[in-house]
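Q: Give me a model of this one.
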Amino acid sequence: TAGSLKGGQVVWALAKVKESFELFKGDRVESFLLFTNPHRFGQSMDLRFTPIRVVCNNTMSVALNGVAERYYKQSHRSEFDPAQVKEALGIATDKLAKYKEMAQFLGAKRYTEEKLKEYFSGVFPVLAYDKEKGPQRKELSKSATRALEVIDTQPGAEFAQGTWWQSFNAVTYMTDHILGRNDDNRLASAWYGQNKTLKTKALELAIEYADAA
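A: A predicted model of the protein is given here:
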């Protein structure tokens, strides 16, 4: 699958990798490599591992190693190196195995209503300003409230219901399908921008809550 964003400034292609996994009797996650070719001065091509949850088309964009944000990066002036892509495929396979372990763990740990509100407040924080008291943290932001509303209605809510896997996927559903002005902005943010970072934060925070459950 291929397409473009921002009026052709960013050209992308998703290449499906053979590895995938299925949990909870029907919740399937497939593996892709996301190739990005930005038509902007000073920016290079890059390659990322991107697992996609089939039932809802929710995505993650995961760095291919633990040090650099982008494992494969190449200038437009240099020749394409397929050997690096083959190496990236091997790393992506390892990443998918780790992602499966995290999904299994989250799906085995249940949340309470109190902890769920805390989680969404942590992912979608908000500050309200009071003239006398200064910045005041409200209980729930608009996005956190919306996440609570969709947690049981999002596609795939029936898989591992009541667990931290369900709560994490409520966040990825929000970023990929609800937040943003239009589909183009949502996809750009989910893969490259603020919502990509937000999903990583949501996964890390869900694991913390699951550890404590």
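Q: Can you give me the pLDDT of residue 137?
A: The model reports residue 137 with a pLDDT of 58.
Q: and what of residue 43?
A: 68.
Q: swap in residue 165?
A: At residue 165, pLDDT is 98.
Q: average pLDDT across the longest strand anywhere in the chain?
A: Counting by DSSP state E, the longest strand found in the chain is strand 10-23. Averaging pLDDT along strand 10-23 yields 91.
Q: Give me the sheet partners of it and which way each runs.
A: Paired neighbours of strand 10-23 in the sheet (DSSP bridges): strand 2-5 (antiparallel), strand 27-38 (antiparallel).
Q: can you list the residues that contact that strand?
A: 1-5, 28-40, 50, 89, 92-93, 96, 100, 103-104, 107, 159-160, 188, 191-192 (C-beta atoms under 8 Å, 6 or more residues apart in numbering). Backbone N, C-alpha and C define where each C-beta goes, glycine included.
Q: list the buried ones in that strand?
A: Neighbour-count burial for strand 10-23 flags 10, 12, 14, 17, 19, 20, 21, 23 (criterion: 16 or more other C-beta atoms under 10 Å).
Q: Okay, the second one and residue 143: tell me how far apart.
A: Which is residue 12. 26 Å (C-beta to C-beta, to the nearest Å).
Q: Residue 24 and residue 163: what is the separation?
A: Counting by C-beta to C-beta - residue 24 and residue 163 are separated by 9 Å.
Q: Tell me the residues that contact both of these two, please.
A: By C-beta under 8 Å, 6+ apart, the residues touching both residue 24 and residue 163 are residue 107.
Q: ok, those two, which is more surrounded?
A: More crowded of residue 24 and residue 163, by other C-beta atoms under 10 Å: residue 163, with 21 against 17.
Q: for that one, what are its contacts?
A: 106, 107, 108, 109, 110, 111.
Q: Thanks a lot, see you next time.
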